[in-house]
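*Asks:* Turn this into a structure:
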Amino acid sequence: MKKTKIWFNRWFSTAYIYIDMIRDNLDGRKFEVYVTHSVKESIVLQNADHAEIEPLLIGKEYVDYCLDFCKRNEIDLFIPKYDMVSIAPHLKEFENIGTKVMVCSDMELMETVDDKAKFYESVRPYNIINIPDYFVVDNVKDFKVAYESLKEKGHRVCFKPVIGIGGEGFRVIDDRDDTFESIFEPINHRISLKKSINLLGSKKKFKPLMVMEFLQGNEYSIDCLAFDGKLYAAVPRKKMMGRLEYIDGNIELIKLARKFAEIYKLPYMFNLQFKMKDGVCKLLEINPRMSGGLYISALSGVNFPYLAVKLALGEKIEVPELKYDIMSTHLENSIVMKNVIYKDVRVIS
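*Replies:* Coordinates of the predicted model:
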């Protein structure tokens, strides 16, 4: 049987596990895995049948690189993470060279979910989840106004980029000035108000920030497998102290995931994140891709990455009965790096 060629571009480290999950499928299907990354030390490259270092490109130039990569390697399925918004408008061009792409084809929707403020406002009319109090600012004057307005409502205040990945740029404003003792505090996202104003005030304008209420409750992350508005599986994960995560079978959370699937029709995999504050569910964000913690959700008995691959290839899937009420954690594992040149030393294994 001919191997199915799949390509992962610039994924985070846990994609190493997702590649193994795709290979270890119950159908006995064989895959030839291509991985590219701009960082030669990326651990994901170590789990590839074929690895390549990406050039540092963006926008249409990056799309052209992707099209060329798929054509010369005869890729059957492209699973992008990096620059999905640029890739989405060009799906027809990929189809013309025989490559399917695991990304939403609705360009307007992709731009909406990529922008946290636009996404919040798109959710608000459906009244399915509470939206945190927030302001969008691009200058220090508006930042100060937003901060004072949120404080008047009794909120602790945080900020983060309107468009960003993970925790990049996230800071919690601490009203205390920095002190000698703060040097010895654990690493965190704390920043003083004084420093925030000084740094942001050093620029006349900056990239838009969301200044918002800081949500201190338990964070939930729901990994969802869906297609054309149908939710095939949803696994809510409650993030607890340290590395503990609890796979929660709460039916209300699964209903929430189903509503998002029906409304937004994000295909294949998406991840919904929110927090519980004083018993109220408040939205954080949605990611139109496999999440970094998907390997934990797989403890439910569902091989999410492989089933998503089948959906992207236009094939029917069967989802086993999900297992919930599972407490999990994880630990590090060492991996020998192959054929990496680092500090003038070539390591070959």
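*Asks:* Going by neighbour count, which residues of stretch 134-152 are buried?
*Replies:* Buried positions in stretch 134-152, judged by neighbour count with 16 or more other Cβ atoms under 10 Å: 134-137, 140, 143-144, 146-147, 150. (C-beta placed from N, C-alpha, C; glycine too.)
*Asks:* quick one: which of these sit in strands?
*Replies:* Judged by DSSP state E, strands contain the following of these: 134-137.
*Asks:* just those residues now: which is nearest S86?
*Replies:* V136 (22.8 Å; Cβ to Cβ).
*Asks:* Helices along the stretch 201-349 of the chain, start to end?
*Replies:* For the stretch 201-349 of the chain, the helices defined by DSSP state H, counting those that start in this stretch occupy 251-264, 294-297, 304-312.
*Asks:* quick one on the thing from earlier: let me know the closest of the ones in strands among the buried residues of stretch 134-152 to E332.
*Replies:* Y134 (35.8 Å).
*Asks:* Setting the sequence-adjacent residues aside, check what's closest to that closest one.
*Replies:* Distances taken as Cβ to Cβ, 6 or more residues apart in numbering put M212 closest to Y134, at 3.6 Å, once the chain neighbours are dropped.
*Asks:* on that earlier part again, would you convert the ones in strands among the buried residues of stretch 134-152 into a markdown table that also reports pLDDT and distance to F31?
*Replies:* As requested, these are exported to a markdown table (pLDDT from 0 to 100; distance: Cβ to Cβ, whole Å):
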| residue | pLDDT | distance to F31 |
| --- | --- | --- |
| Y134 | 97 | 42 |
| F135 | 98 | 46 |
| V136 | 97 | 42 |
| V137 | 98 | 46 |
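*Asks:* out of those residues, who's nearest R237?
*Replies:* Ranked by distance to R237 (Cβ to Cβ), these are led by Y134 at 24.3 Å.
*Asks:* Return the distance of the closest one relative to K275.
*Replies:* With distances taken as Cβ to Cβ, to the nearest Å, Y134 is found 13 Å from K275.
*Asks:* Determine which two of the buried residues of stretch 134-152 are furthest apart.
*Replies:* Using Cβ to Cβ, the two most remote members of the buried residues of stretch 134-152 are Y134 and V140, lying 17.2 Å apart.
*Asks:* got the residue ranges for the strands in the stretch 1-150 of the chain?
*Replies:* In the stretch 1-150 of the chain, the segments counted as strands under DSSP state E, counting those that start in this stretch are 4-9, 31-37, 50-53, 77-80, 100-101, 134-137.
*Asks:* Of those, which is nearest K207?
*Replies:* Taking those one by one with Cβ to Cβ, strand 134-137 is closest: 10.4 Å.
*Asks:* returning to what we had before: which member of the buried residues of stretch 134-152 is positioned nearest L294?
*Replies:* Nearest to L294 among those, counting by Cβ to Cβ, is Y134 at 27.4 Å.
*Asks:* contacts for stretch 78-92?
*Replies:* 6-12, 15, 58-60, 62-63, 66-67, 70, 94, 99-107, 110-111, 114, 288-289, 309, 312 (Cβ atoms under 8 Å, 6 or more residues apart in numbering).
*Asks:* do the same with stretch 35-45
*Replies:* By Cβ under 8 Å, 6+ apart, stretch 35-45 touches 7-13, 15-16, 19, 47-48, 50-56, 69, 335, 337, 340-342.
*Asks:* ok, now with 7 Å
*Replies:* By Cβ atoms under 7 Å, 6 or more residues apart in numbering, the residues outside stretch 35-45 that reach it are 8-11, 13, 15-16, 48, 51-54, 56, 335, 340, 342.
*Asks:* can you pull the pLDDT of the residue nearest to A233 when sequence neighbours are not counted?
*Replies:* Take A233 and drop its neighbours on the chain: the residue closest to it by Cβ to Cβ, 6+ apart is L225, 4.4 Å away. Reading off the confidence values, L225 has pLDDT 98.
*Asks:* now L225, which residues is it bridged with?
*Replies:* Beta-bridge partners recorded for L225 (DSSP bridges): A233, M269.
*Asks:* Columns mean pLDDT on top of the helices of the stretch 201-349 of the chain, output as CSV?
*Replies:* Compiled in CSV, these are given as follows (pLDDT from 0 to 100):
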stretch, mean pLDDT
helix 251-264, 96
helix 294-297, 96
helix 304-312, 98
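*Asks:* need the ones you listed in TSV with mean neighbour count, can you?
*Replies:* Listed next are those as TSV, based on neighbours: other Cβ atoms under 10 Å:
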stretch	mean neighbour count
helix 251-264	17
helix 294-297	24
helix 304-312	23
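*Asks:* got those helices as a markdown table, with distance to Y220 columns?
*Replies:* Shown next, in a markdown table, are the helices of the stretch 201-349 of the chain (distance: least, Cβ to Cβ, whole Å):
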| stretch | distance to Y220 |
| --- | --- |
| helix 251-264 | 7 |
| helix 294-297 | 12 |
| helix 304-312 | 17 |
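*Asks:* how about the helices of the stretch 51-200 of the chain, start to end?
*Replies:* Secondary structure of the stretch 51-200 of the chain (DSSP H, counting those that start in this stretch): helices at 59-73, 84-87, 91-96, 107-114, 116-123, 140-152, 193-200.
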